[in-house]
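>>> missing the sequence, but the structure's below:
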């Protein structure tokens, strides 16, 4: 009797595998599977950043002019110094934890993917210090 019950259970199991599984109904207009996420294709790159101000300690002999290499007056929250061969003047960079800044200055130690962020006073520039490997991208809009 025991073998008959086992045989019956095996036949019922095989019959259940023969039935096709019902296909789930997926509405392409309702499902999140078919809605692509917005993707930002803006190129990103790593830079090193330091802080500077317009004092003689940071700018040396150029401090007395109170002008950037592009001829503008430096503004905290706006101006950064970069290698003009990599980032031409008026290039807008979006820097994490700092925000959007505009390249308006250069510097003797600023080469390749290294930038200087302008601050209004020396103490803030010193506190900012040296930030390594910041993932930077270009801003969305162009600066004229």
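Happy to help now that I have it. Remember, it's a predicted structure, so these values are computed and weren't measured experimentally.

>>> isn't residue 47 right up against residue 110?
No. Applying C-beta atoms under 8 Å as the test, residue 47 and residue 110 come out as separate, 10.5 Å apart. The C-beta positions use only the backbone N, C-alpha and C, and glycine is treated the same way.

>>> residue 62: neighbour count?
16 (other C-beta atoms under 10 Å).

>>> quick one: classify it as helix, strand or coil.
helix (DSSP: H, G, I helix; E, B strand; the rest coil).

>>> report pLDDT for it.
With respect to pLDDT, residue 62 scores 76.

>>> report the separation between residue 107 and residue 84.
Per C-beta to C-beta, to the nearest Å, residue 107 is found 10 Å from residue 84.

>>> domain-wise, how is the protein divided?
2-34, 44-138 (automatic domain parsing).

>>> give me whichever of those is most buried.
domain 44-138 (a mean of 16; mean count of other C-beta atoms under 10 Å).

>>> residue ranges with poor pLDDT in the protein?
1-40, 141-144 (pLDDT under 70).

>>> and residue 126, backbone torsions?
Residue 126 adopts backbone torsions of phi -70, psi -40, taken as degrees, to the nearest 10.

>>> so in terms of bridging, what pairs with the nearest residue to it once chain neighbours are set aside?
Leaving aside its sequence neighbours, residue 126 sits nearest to residue 51 (C-beta to C-beta, 6 or more residues apart in numbering; 7.0 Å). Beta bridges link residue 51 to residue 117, judged by DSSP bridges.

>>> if anything else comes up later, I'll come back, but that's it for now.
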